[in-house]
Each structure stands twice: as C-alpha cells, then as structure tokens.
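K.L.:
Sequence first, predicted coordinates after that:
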Protein chains: 2
Amino acid sequence: MKARVTVMLKNGVLDPQGEAVRHALGALGFDGVEGVRQGKVIELDLVQGTSQATVKEMCDKLLANAVIESYTIEMA
Amino acid sequence: MKARVTVMLKNGVLDPQGEAVRHALGALGFDGVEGVRQGKVIELDLVQGTSQATVKEMCDKLLANAVIESYTIEMA
C-alpha cells in the first residue's frame, strides 16, 4: 500500500524558496503569478495493513517540523 | 485561482533524499517502510483565467527538469 504525505510551510512562515520561484517566473515573462509556496511530497511504500496513525507518527517524529510546517496524509 | 504542481523524480532515477528518509524511518523503529520517494509540490496563486497550458509551460521552462522529473498539474 501507498501513503502520500504533503508537507507545506504554515501560513505566515516566510517561504524564500517559493519567493525565488515567483521571481523567476516573473523574469521568464509569466505575469499572472501572485504567490508561490513550495513544499515537499513524500511517497511511502508501506507493508499491507499499516494504519494512518502510524504514518501520522512518522510525520510527527521525522517528516514534518510541527513548529513551522503542516502536513496532510493521503492513504491509497 | 490556484494551481498545484507536483514534481517527482521519474521511476528509475536514483532518489538519495527518499533513501535517506527510508533509512531514518527504519532507525526510528518503523519497520513497515519498503520504499520512499521524495518530490516537491509547488502551489501557485494565479490571476483568474490562467489556463492549464500556461502552467504546463511554467513546468517545462522552470519548475521541473523533464530529463529526470515528471510532474502533474491540478487546477483549483
């Protein structure tokens, strides 16, 4: 089974990476970009029967920094 | 309007970052992790009326490296 974890910086936390992308898109002539936030996505290949609670524990312990990041989990 | 671009390394391309996460999860006692791939997600805040074709152009020109990465676009 698979799980997909998406980790984004919380609103209000400065995102210099996203800001750099926004600036670069503007320099390439893409005018309609008002904001960019960049995060990471982690695709986990798990043994059958792994619970969402286990994935949540992975997020809390390793995958996300709860102080500045929020995450969502999709099981598939 | 918003668009979300997810960029992942293509299958077969070595993903040392994902491999490091897999190893770290194992060290933390999570046994059921068979594989990890890490990618990035870019959330774009766009002016109303921006087409998916424009976002695709952004991906091809800047956001993804088509040689080693694949991407998906979700418009919202």
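P.N.:
Everything's here; your move.

K.L.:
What does the pLDDT read for residue A:42?
P.N.:
On pLDDT, residue A:42 comes in at 98.

K.L.:
for the one 4 residues further on, same thing?
P.N.:
Confidence at residue A:46, expressed as pLDDT, is 97.

K.L.:
any idea how far residue A:55 is from the residue of chain A positioned farthest from its centre?
P.N.:
Largest separation from the mean C-alpha position in chain A: residue A:29, at 26.5 Å (Cα atoms, centre = their mean). Per Cβ to Cβ, to the nearest Å, residue A:29 is found 41 Å from residue A:55. For every residue, glycine as well, the C-beta is placed using N, CA and C.

K.L.:
before we move on, what about residue A:38?
P.N.:
Taking Cβ to Cβ as the measure, residue A:38 falls 22 Å from residue A:55.

K.L.:
for the residue farthest from the centre of chain A, phi and psi?
P.N.:
The phi/psi pair for residue A:29 (degrees, to the nearest 10) reads phi 100, psi 10.

K.L.:
Any part of the strand or helix carrying residue A:39 near chain B?
P.N.:
Assigning secondary structure by DSSP states H and E places residue A:39 in strand A:33-46. Yes: judged by Cβ under 8 Å from any Cβ of the partner chain, strand A:33-46 comes into contact with chain B at A:33-46.

K.L.:
Switch these over to JSON lines; also include distance to residue A:68 and neighbour count.
P.N.:
Output for these, formatted as JSON lines (distance: Cβ to Cβ, whole Å; neighbours: other Cβ atoms under 10 Å in any protein chain shown):
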{"residue": "A:33", "distance to residue A:68": "23", "neighbour count": "22"}
{"residue": "A:34", "distance to residue A:68": "22", "neighbour count": "13"}
{"residue": "A:35", "distance to residue A:68": "18", "neighbour count": "13"}
{"residue": "A:36", "distance to residue A:68": "17", "neighbour count": "23"}
{"residue": "A:37", "distance to residue A:68": "12", "neighbour count": "21"}
{"residue": "A:38", "distance to residue A:68": "13", "neighbour count": "22"}
{"residue": "A:39", "distance to residue A:68": "11", "neighbour count": "22"}
{"residue": "A:40", "distance to residue A:68": "13", "neighbour count": "19"}
{"residue": "A:41", "distance to residue A:68": "17", "neighbour count": "20"}
{"residue": "A:42", "distance to residue A:68": "17", "neighbour count": "26"}
{"residue": "A:43", "distance to residue A:68": "22", "neighbour count": "19"}
{"residue": "A:44", "distance to residue A:68": "22", "neighbour count": "28"}
{"residue": "A:45", "distance to residue A:68": "27", "neighbour count": "16"}
{"residue": "A:46", "distance to residue A:68": "26", "neighbour count": "20"}
